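Asker: Sequence and predicted model, in that order:
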Amino acid sequence: MCGIIGYAGKNNSIAIALEGLKKLEYRGYDSAGVAFIREDNGLMDIVRAKGKIGQLISKPALSGVKSNVAIGHTRWATHGSPSETNAHPHRVDDIAIVHNGIIENYIELKRTLISEGAVFKSETDTEVMCHLIASFYRKGSSFEDAVLESIKLLRGSYAVNVICEKEPGKIICAKKDSPLVIGLGDGEFFCASDVPAFLSYTRDVIFMEDGEMAVVSREGVIIRNSQGELVHRQPSKITWSPSMAEKGGYRHFMLKEIFEQPRAIADTITGRANVDHGAVNLYEFGLDEAAIRKMKEMKSKIFIVACGTSWHAALCGKYMIEESAGISVEVDIASEFRYRRPIIGSDDLFIAITQSGETADTLAALKEAKKCGAKTMTICNVVGSTASRESDYVFYTHSGPEIGVASTKAFVTQLVSLYLLSIALRSKDASQTRESIDAINALLHIPALLETVLSKESEIEKIARQLSKSSGFLFLGRGILFPIALEGALKLKEISYIHAEGYPAGEMKHGPIALIDEGLPVVILLTKETLYEKVISNIQEVKARGGKTVVISNEDDGGVRELSDYFMLVPRSNKFLDAIVMALPLQLLAYHIAVIRGCDVDQPRNLAKSVTVE
């Protein structure tokens, strides 16, 4: 949510900042702006616009202007409505700032500043920071010290880029609980909320830690910690290329990412499982045989915590781990976990699942678990993210950059990660080893099965055309397919704005059946391994009340087709991996309905890719 970019170097900073903001559009925003030091007269200019970045680029004030230092921002409204006045950057005297995060004590700070004569022009919490820095600077503090003294007064989260008209060659960056990464180029340096903003210029990066402040100029980068001590850190190398973050001929990033899922799963599996021995690389999970034995002897619990789509993956993981390994699993929505005083201790394992590694609620839950003494693990897609650095262990999914706001390939690679963990936690007797061999072998076949589903895209598009005018949907599944029903409903809500609900099929008669009439499509997930006959009864109950049945099944026995208004046959795997196979047609159904309805698929209204505030 929100995106920031800063550039100091030899090239035109305005063009690079605007390009960087375009690469950060996926994070969600409602206004944008840039601040820069003009090359011709050394003065600072700020240009802002409500709406998309195209509105900003078209501003006459940016035409023909050159600069070597600039900061930019895409804003997602939190304090104050979307408007040009509330858009970033904000300026007070010689200081301009862009900010991600929320300042919790901004009201009391604002009152103090007003009592000292400050005049506010916006409704934002960010302008408070700008006034603070300007105040310290006026009173004689150096630019760096003015920023440092100001952030000491803040409560909440922030990632900031600050420039000063009187010191035009530098950008000061600081962070706490919001992501900020520095890119190291050849005579040019970047500071942004995410790597795609500058990936076409450099793959060498430094992920800033909480409490750190950096001075970025064309001469280099100087980082200090909260005590003012110099920080020396080896840069990380980003392994994915800029082209991986481009559409590659697809109409939308979401469609591209749906079609990338076979490759993403193959990359996540590679080097992590040995089918001949039925073994998973325990090192990847920070585990060994002794640790697993101890967990079982102590009757330890596993707590899995996540938000949104990642929470649905966590629910699937509960089915996998409890049945495969016999270890009790509790699943929590991250925003609820730390407020319910969970009973978790040093013998337990806490797993955070987060695509970005920067989800605020998940990070807060992770910190709570660490405070309670639990061992912590993160399943994450972003190397160097906050969650990966905060955890004792990290298991990286290898889905590559995911630009579409509605998660697809990150979700299925999270499912693969949990599936591998469920195998790793099994005992090693002969029967379990045989089962593990079969389980790994089934996983190796999943990319090919997904290719089969993808080949049926036109079939799904035809169903989407028939259902696109519906005002609501119901998704039903049993067992591990219940979380997939939740995910299918979420995908449809996110990108088509149609109300949809996911339910366990067994709960249909406990309320949802009241909704069923001839205008309600009911999407039913059906496999032989998940109470097949009982789900067929649900289909019959829907038909008896005039509902439209959309059945996705890996079994074609004729009778089910006759009960279905729309029927799609998908390949069969095992009971756990069927969840992955079933997820893909639901993604495509949501995608095509959204496209037909003319929705902004990659950047749905009101949503952000990375929710970095509570």
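Answerer: Received, thanks.

Asker: for the stretch 201-350 of the chain, what are the low-confidence residue spans?
Answerer: 240, 242-245, 248 (pLDDT under 70).

Asker: now the helices for it?
Answerer: Here the stretch 201-350 of the chain has its helices, by DSSP state H, counting those that start in this stretch, at 253-259, 261-269, 289-297, 308-325, 334-337.

Asker: Contacts for the last one next, please.
Answerer: Think helix 334-337. By C-beta atoms under 8 Å, 6 or more residues apart in numbering, the surrounding residues in contact with helix 334-337 are 303, 305-307, 311, 352, 359, 361-362, 364-365, 368, 614. Heads up, the C-betas are built off the backbone N, CA and C, glycines and all.

Asker: Could you dump the helices of the stretch 201-350 of the chain into CSV with mean neighbour count and distance to Ser564 added?
Answerer: Output for the helices of the stretch 201-350 of the chain, formatted as CSV (neighbours: other C-beta atoms under 10 Å; distance: least, C-beta to C-beta, whole Å):
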stretch, mean neighbour count, distance to Ser564
helix 253-259, 24, 23
helix 261-269, 21, 25
helix 289-297, 13, 44
helix 308-325, 23, 25
helix 334-337, 21, 37
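
Asker: Output these in a markdown table; the columns should cover distance to Val550.
Answerer: Below are the helices of the stretch 201-350 of the chain laid out as a markdown table (distance: least, C-beta to C-beta, whole Å):
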| stretch | distance to Val550 |
| --- | --- |
| helix 253-259 | 18 |
| helix 261-269 | 21 |
| helix 289-297 | 41 |
| helix 308-325 | 19 |
| helix 334-337 | 31 |
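
Asker: Out of these, which is closest to Gly506?
Answerer: Set against Gly506 and scored by C-beta to C-beta, these come closest in helix 308-325, at 14.8 Å.

Asker: Out of the contacts of helix 334-337, name the ones that lie in strands.
Answerer: 303, 305-306, 352 (DSSP state E).

Asker: which SS state does Ile437 fall under?
Answerer: Here Ile437 takes the helix state, with states given by DSSP: H, G, I helix; E, B strand; the rest coil.

Asker: show me the contacts for the closest residue to it other than its chain neighbours.
Answerer: Leaving aside its chain neighbours, Ile437 sits nearest to Gly278 (3.9 Å; criterion: C-beta to C-beta, 6 or more residues apart in numbering). If a contact means C-beta under 8 Å, 6+ apart, then Gly278 has 423, 432-440 as its contacts.

Asker: and Gly278, how far is that from Ala290?
Answerer: Per C-beta to C-beta, to the nearest Å, Gly278 is found 19 Å from Ala290.

Asker: Against Ala364, how distant is the residue lying closest to Asn105 once chain neighbours are set aside?
Answerer: Closest residue to Asn105 apart from its sequence neighbours, by C-beta to C-beta, 6+ apart: Arg155 at 4.3 Å. Separation of Arg155 from Ala364 (C-beta to C-beta): 14 Å.

Asker: cool, Lys10 as well?
Answerer: Using C-beta to C-beta, one obtains 41 Å as the distance from Lys10 to Ala364.

Asker: Give me the more crowded residue out of the two.
Answerer: In this view Lys10 and Ala364 are compared by other C-beta atoms under 10 Å, and Ala364 has more residues nearby, 17 against 11.

Asker: Would you agree that one is in contact with Asp332?
Answerer: No. Assessed by C-beta atoms under 8 Å, Ala364 is found out of contact with Asp332, at 11.9 Å.

Asker: can you tell me the helix or strand for Glu127?
Answerer: Following DSSP states H and E, one finds Glu127 within helix 126-138.

Asker: what mean pLDDT does that helix have?
Answerer: Averaging the model's pLDDT scores along helix 126-138 yields 95.

Asker: can you list the residues that contact the helix or strand just after it?
Answerer: Following helix 126-138 in sequence order, the next helix or strand is helix 143-151 (DSSP H and E). The contact list for helix 143-151 (C-beta under 8 Å, 6+ apart) reads 95, 129, 132-134, 136-137, 141, 158, 160, 162, 164, 166-167, 170, 172, 174, 176, 213, 215, 228.

Asker: any idea which helix or strand comes after helix 143-151?
Answerer: Past helix 143-151, further along toward the C-terminus, the next helix or strand under DSSP H and E is strand 158-164.

Asker: relative to helix 143-151, how tilted is that next one?
Answerer: For strand 158-164 against helix 143-151, the angle by axes from the mean of the first three to the mean of the last three C-alpha atoms, to 10 degrees is 150 degrees.

Asker: dump the residue contacts of Cys316.
Answerer: Counting by C-beta under 8 Å, 6+ apart, Cys316 has contacts 415, 418, 480, 483-484, 576, 579.
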